[in-house]
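1. Predicted model and sequence follow; I will ask about them next.
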Amino acid sequence: MRTGLIAALARTEAGALRADLPLAGRSVLAWQVALLREFGAERIICLCEGTAGEVLRLQHEVESAGVAFHALNGFAALPALVRAEDELIILRDGLVPDLALAREMIGGHAMKAGGAALQKGVACLPADHPLAATHPEDFERIDAARHWAGLLVMRGAPVQQLADFPADADAISVLLRLALQAGTPCRELGPSDLAPETWLLAISDQAVAAHEAALINAAVPAPDWRAPIASLAAVLVRSLAPRGLGQGALITAATAALMLLGGVFVAASGGAEGGLALAAAGGFAARVSGAYAALAARLRRRPEDGRKDAALGLTVDAFAALTLWFALAPWPDWAPLAVCGPIVIGLARLVSRDAETTLAAIASDRASLLLLLALAAWLGFLPETAALTALALLAALLLRRRAN
């Protein structure tokens, strides 16, 4: 069995548990648990002072996913939980290593449970590395030239020897020594690999905040100002992050739905400009929701859910088409020109499918289009603007097809 061992015992100078410090929308301990699950851990053991708070929440979350989770007050039960043939992955308390670097050390082809055996090894850093010099109690010296880097993969057999040590011993430090005595090879990581943005030791709020900013900056794509309101949504999410990374996508999606529905009712009641403005706000909220979801997926190294994004876009377009219909012909009136509403939105969807072109980027920004139409309604030129927009989009579509 592949087992992960972590701890939630060390504290910062301010007295807070390192494991509880928030990092990009979740705790440091949650990042460690996610990393162990990426490594294919079938069981996670956490040494902690008690089963409460974040430890209890993570236990419920992990067990609901089918992975065993044990919260231990002390290491006396470890020899009974870890068998000699087990693969044991150990992370230093408060350490969040970069997944790519960890995968390179452990073996990228053995990440899932039931796959090939992990590469056994003790991750090491040079003795003159700033992390080793600044935090020797966390990055322990192995020999004259190397210190432990906080990540270790070993066989489970040496765990049985923990029964010979006093109850107040540092179990992880003891296991490091036992792994070295058992001949576990050292795997050196270069000084350039262990940059602050790739190898975090959560020793303080400031260190976590700096790492968090680096993670978010790397995950946020550059704004494409050809789609101004969509880019504004991305900039807003970047400025608000890490706030909202947990439930931000869901809350803003619900807000978008309410605004879009309100836009339909206002337009149907005769308020064309108000209905279109509400629909534009709903489109903006939907973009914010998508930006939150994409950022959270990149930070957690999960594939982005294209189906949810497509469903949200289709919902925005359906409500936008309905709003534009009623803006051109309020309920219960009927006007043949009202069909221009759904036609404009449908043509915009077709044009925006041609990725990477300027015209597609402009057409994909539905909130900007609705805002333009709201302005036209306020000025009294909505039917003419809708007809001209449909004609322009149709011309763009025909010219593109001819070019292809």
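-> Everything's here; your move. Predicted model, so just to flag it, every value in this text is computed and none were measured.
2. rest of the way, CA atoms for contacts and neighbours
-> Noted.
3. just the helices in the stretch 251-400 of the chain please.
-> 272-299, 306-328, 340-352, 358-364, 366-379, 382-403 (DSSP state H, counting those that start in this stretch).
4. roughly how far apart are L370 and M1?
-> 56 Å (C-alpha to C-alpha, to the nearest Å).
5. circling back to that earlier point, deepest-packed of the helices of the stretch 251-400 of the chain, please.
-> Per-stretch averages of neighbours, counted by mean count of other C-alpha atoms under 10 Å, single out helix 272-299 among the helices of the stretch 251-400 of the chain, with a mean of 26.
6. how far does that one sit from the chain's center?
-> Centroid separation between helix 272-299 and its chain, computed with C-alpha atoms, centre = their mean, to the nearest Å, is 18 Å.
7. ditto for stretch 379-398
-> 39 Å.
8. just use 2 as the starting number from now, easier for me
-> Taking 2 as the first residue, the last one we looked at is stretch 380-399.
9. Which residues does it contact?
-> Contacts of stretch 380-399 with the rest of the structure, by C-alpha atoms under 8 Å, 6 or more residues apart in numbering, involve 329, 338, 341-342, 344-345, 348-349, 351-352, 374-375, 377.
10. One more: stretch 319-326?
-> By C-alpha under 8 Å, 6+ apart, stretch 319-326 touches 261-262, 264-266, 268-269, 273, 276-277, 280, 339-346, 371.
11. Stretch 168-188 too?
-> Residues contacting stretch 168-188 (C-alpha under 8 Å, 6+ apart): 75-77, 91, 93, 106, 121-125, 153, 155-156, 159-160, 163.
12. Mind naming the longest strand for this protein?
-> When the chain is parsed with DSSP state E, its longest strand is strand 147-156.
13. Check which helices and strands that strand sits against.
-> Judged by 3 or more C-alpha pairs under 8 Å, 6 or more residues apart in numbering; DSSP states H and E, the packing partners of strand 147-156 are strand 88-92, strand 122-127, helix 172-182.
14. Throw those into JSON lines and include mean pLDDT and distance to R308, thanks.
-> As requested, the helices and strands packed on strand 147-156 are exported to JSON lines (pLDDT from 0 to 100; distance: least, C-alpha to C-alpha, whole Å):
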{"stretch": "strand 88-92", "mean pLDDT": "93", "distance to R308": "35"}
{"stretch": "strand 122-127", "mean pLDDT": "89", "distance to R308": "39"}
{"stretch": "helix 172-182", "mean pLDDT": "91", "distance to R308": "43"}
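15. Select, out of the ones you listed, the one closest to Q33.
-> Q33 lies closest to strand 88-92 among the helices and strands packed on strand 147-156, at 7.7 Å (C-alpha to C-alpha).
16. Sheet-wise, list the partners of that closest one with their directions.
-> Sheet pairing here is set by DSSP bridges, and for strand 88-92 it gives strand 3-9 (parallel), strand 147-156 (antiparallel).
17. Export these as a markdown table, with columns for mean pLDDT.
-> As requested, the strands paired with strand 88-92 are exported to a markdown table (pLDDT from 0 to 100):
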| stretch | mean pLDDT |
| --- | --- |
| strand 3-9 | 93 |
| strand 147-156 | 91 |
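18. Serialize those strands to JSON lines and add fields for distance to R58 and mean neighbour count.
-> Listed next are the strands paired with strand 88-92 as JSON lines, based on distance: least, C-alpha to C-alpha, whole Å; neighbours: other C-alpha atoms under 10 Å:
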{"stretch": "strand 3-9", "distance to R58": "13", "mean neighbour count": "24"}
{"stretch": "strand 147-156", "distance to R58": "24", "mean neighbour count": "24"}
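19. With distance to L315 as extra columns, can I get the ones you listed in TSV?
-> Formatted as TSV, the strands paired with strand 88-92 follow (distance: least, C-alpha to C-alpha, whole Å):
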stretch	distance to L315
strand 3-9	42
strand 147-156	45
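20. In the helix or strand hosting V238, which of the residues would be classed as buried?
-> Using DSSP states H and E, V238 maps to helix 229-241. The neighbour-count criterion (16 or more other C-alpha atoms under 10 Å) identifies P229, I230, A231, S232, L233, A234, A235, V236, V238, R239 as the buried residues of helix 229-241.
21. what two of those are the furthest from one another?
-> Comparing every pair within these by C-alpha to C-alpha identifies P229 and R239 as the most remote, at 15.2 Å.
22. mind giving me the domain split of this structure?
-> As given by automatic domain parsing, the domain ranges for the chain are 3-216, 224-404.
23. and the helix holding V238, what does it pack onto?
-> On a contact count with 3+ C-alpha pairs under 8 Å, 6+ apart, helix 229-241 meets helix 273-300, helix 367-380.
24. Turn those helices into JSON lines, columns for mean pLDDT and distance to L48.
-> Listed next are the helices and strands packed on helix 229-241 as JSON lines, based on pLDDT from 0 to 100; distance: least, C-alpha to C-alpha, whole Å:
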{"stretch": "helix 273-300", "mean pLDDT": "89", "distance to L48": "26"}
{"stretch": "helix 367-380", "mean pLDDT": "91", "distance to L48": "50"}
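25. Mind putting these into JSON lines with distance to D334?
-> Shown next, in JSON lines, are the helices and strands packed on helix 229-241 (distance: least, C-alpha to C-alpha, whole Å):
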{"stretch": "helix 273-300", "distance to D334": "13"}
{"stretch": "helix 367-380", "distance to D334": "17"}
